Every structure is written in C-alpha cells, then in structure tokens.
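**Student:** Fold the following for me, if possible:
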Amino acid sequence: MVLLGTGWTVVDTAEALLLDEDTVRSYRQAYEQGGTDLLLTVRYQGRDPKLSPDQIRELDQHLSTTTYLRAQDVVAYVKETFGVVYTVAGMTDLLKRLDYVYKKPTLTPGRHPDVAVQEAFIEDYQKLKENKGKDDPIYFMDGVHPRHNPVAAYGWIKRGTDKTMESNTGRSRVNINGAVDIARLQVVVEFGEAVNAQSTIALLRKLEARHPKAKVIYVYCDNARYYRSRLVQAYLAGSKIQLIFLPAYCPNLNLIERLWKYFRKQVLYNRYYEHFAEFKTACQGFFEGIEEHVTALRSLLTENFQVITA
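**Tutor:** Okay, the predicted model is just below:
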C-alpha cells in the first residue's frame, strides 16, 4: 500500500515484492473498501477437520499409550477406528498440531521397584554421607561389556545424502569392572577376560590401595552373582570395604551407569575400529585420560537420583 500510494504501478510493486499481480490488486481493493482494518483481517477459512473433537481426544489418548513407527500406521488406525481417510502428509500435520514429535522412547526397567524402596535407599544414602568418616570414600561399582562395533548415533548429515559407516561382524567384547567416587570424581577400572569374582577382587584391591587412610570404603553395587560370590565374600571378611547392595531392578540408583553412557558416547558412537586391539586401546585410553572429561562428568555425576514409577 505504501508503494502504490507513492506512485508505483501494480506491475512494479508485484515485481519488487515477488508477488502475483492479482494479489497486489486484491490488497489494494481491500484497502480501498475498508482501510487497514479490512486489509489486516485474516480471511483464510480452513477446512473443517475430518475428525470430530471427541475423536481427536480419543486419538490423542490412544497415541499417548501406543507408539507408531510410521505416520501411515496412524492413518490405518484412524481409518479402521473412525472410518476416516487421511493422507500421510495430512496425518503428519495433524500429529504436529497435537504436539507430537518423532523421537525415540526412553528405556526403563521392565520390573518397577516400589517407589518407597527407592526413596528409602536415597534417605539411607544421605545418612551415610552425613555420618561417615572424612577419609571414607563412597563408590558406585558396576561392570560394562562394550562390543567391538560402532554404535550408529544421530549426527548432522547433509540433507539429501546418506552416510555409511563400516562395522565388524565379530562379537568380541572388552570386559570392564569399574567404580566411581562422584565426590572426588575418581574412576577406578579393572580390565579382564571377564567381569567375575576375580576381576571384582582385583578392583577392590585397587580401591584399598588408593585409600590407605580410610577406615571404611563404601561401595554400592547391584545384585550381580559375582558380587555375592563366595570368593568376594571371603575377601571382604578381611577387608575394610563394605559392599552395599542396591534394591533389585534399580539401575537408576547406580550413578556409575551415567559414566558408562558417557564412555560409550565418547568411544563407540559413530566410531569405527578395524582391529580389536585398536578398540581395546581406545577404551583404555578413555579411562587413562579421564581428567580431560572432568568438566563434563562434574555436571553429569550428581546425586539427583531418578526415582522410577510404574
């Protein structure tokens, strides 16, 4: 309207603004009939939705409990349930309007422990922190078994192109028994042929050697058989290490799980190692250079325990 009002023609205005000439004329007609009020009125009338409000609510409730891999699967469900046909593009738009996004679900244990049990553990942990000796550390212990194979992970790839990654066909693994003191950000690991009673005892010896002044070394761990084995229990009889077993089915309470996840991202995600020796060296190198990751681990290894509900 400003350009037309200063003497520009419809053709010049349409060319300058990359508009159709008829569009410019319709704007001018609206302005002449009702001024800026009519010009700024949104006159677009969308089509009536195919599904009624009640059907939309029913679909929303269904999608909150059922996760479909493809929009066309939702199209099939709507057709079967309501007798209404959508295109894939139309269903994608509907899903976006209902505030759904395409992402992975988060895995949680299939067996949910009682919330009260988890909260009792957290309370006991806080009491232990308050009452332990100043030289007595608290560790979280667990085993991990990374496979000699890259983990394909999300990353920025140019649109319209595919990115491939080499992989290995074997099943070779690196077996690591580890413990982390989140207060001091100290990580102790034991590489072995397997994560078993022997590697556990070797790890416990390393913890004792690291804390000669400690009266008690508290170590939280899960209920793996090798932690409860006769060999380990016999060793603990003459040790200052006290194992504290986590509630069953509560990996969320073992803070070392966060370290393992970070380790996998750094070593396995989108990284290919042709030879197993090279892969094992990369795993060992991560823990030997753990100081390089202190900043990231400090924000990751916090005591904000996640309580899982059914």
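**Student:** For the stretch 1-150 of the chain, just list every one of the strands.
**Tutor:** Secondary structure of the stretch 1-150 of the chain (DSSP state E, counting those that start in this stretch): strands at 138-144.
**Student:** which residues of it fall in helices?
**Tutor:** With helices called from DSSP state H, counting those that start in this stretch, the stretch 1-150 of the chain shows them at 2-5, 10-17, 21-39, 53-65, 71-82, 88-97, 115-131.
**Student:** Pull out the buried positions in the first one.
**Tutor:** Translated: helix 2-5. By neighbour count on 16 or more other CB atoms under 10 Å, the buried set for helix 2-5 is residue 4. Where you see a C-beta, it was placed from the backbone N, CA and C, and this is true even at glycine.
**Student:** circling back: which of the helices of the stretch 1-150 of the chain has the lowest average pLDDT?
**Tutor:** Within those, confidence is poorest for helix 21-39, with a mean of 88 (mean pLDDT).
**Student:** Now do the contacts for residue 255.
**Tutor:** 140, 180, 182, 301, 303, 305 (CB atoms under 8 Å, 6 or more residues apart in numbering).
**Student:** Find the nearest non-adjacent residue to it, please.
**Tutor:** Distances taken as CB to CB, 6 or more residues apart in numbering put residue 140 closest to residue 255, at 4.6 Å, once the chain neighbours are dropped.
**Student:** One more: residue 138?
**Tutor:** Nearest in space to residue 138, with sequence neighbours left out and distances taken as CB to CB, 6+ apart, is residue 218 at 4.6 Å.
**Student:** Any idea what the one you found is bridged to?
**Tutor:** In this entry, residue 218 is beta-bridged to residue 138, residue 242, by DSSP bridges.
**Student:** what number of residues lie near it?
**Tutor:** A total of 19 residues lie near residue 218 under the criterion other CB atoms under 10 Å.
**Student:** same check, this time on the one 5 residues further on
**Tutor:** Residues contacting residue 223 under the criterion other CB under 10 Å number 12.
**Student:** Now do the SS call for residue 179.
**Tutor:** Three-state call for residue 179 (DSSP: H, G, I helix; E, B strand; the rest coil): strand.
**Student:** Identify the residues contacting it.
**Tutor:** Neighbouring residues of residue 179 by CB under 8 Å, 6+ apart: 139-142, 187-189, 203, 207, 219, 256.
**Student:** And those, which of them are buried?
**Tutor:** Buried among these by 16+ other CB under 10 Å: 139-142, 187-189, 203, 207, 219, 256.
**Student:** In this structure residue 100 contacts residue 63, no?
**Tutor:** Yes - with contacts counted by CB atoms under 8 Å, residue 100 reaches residue 63, the gap being 6.5 Å.
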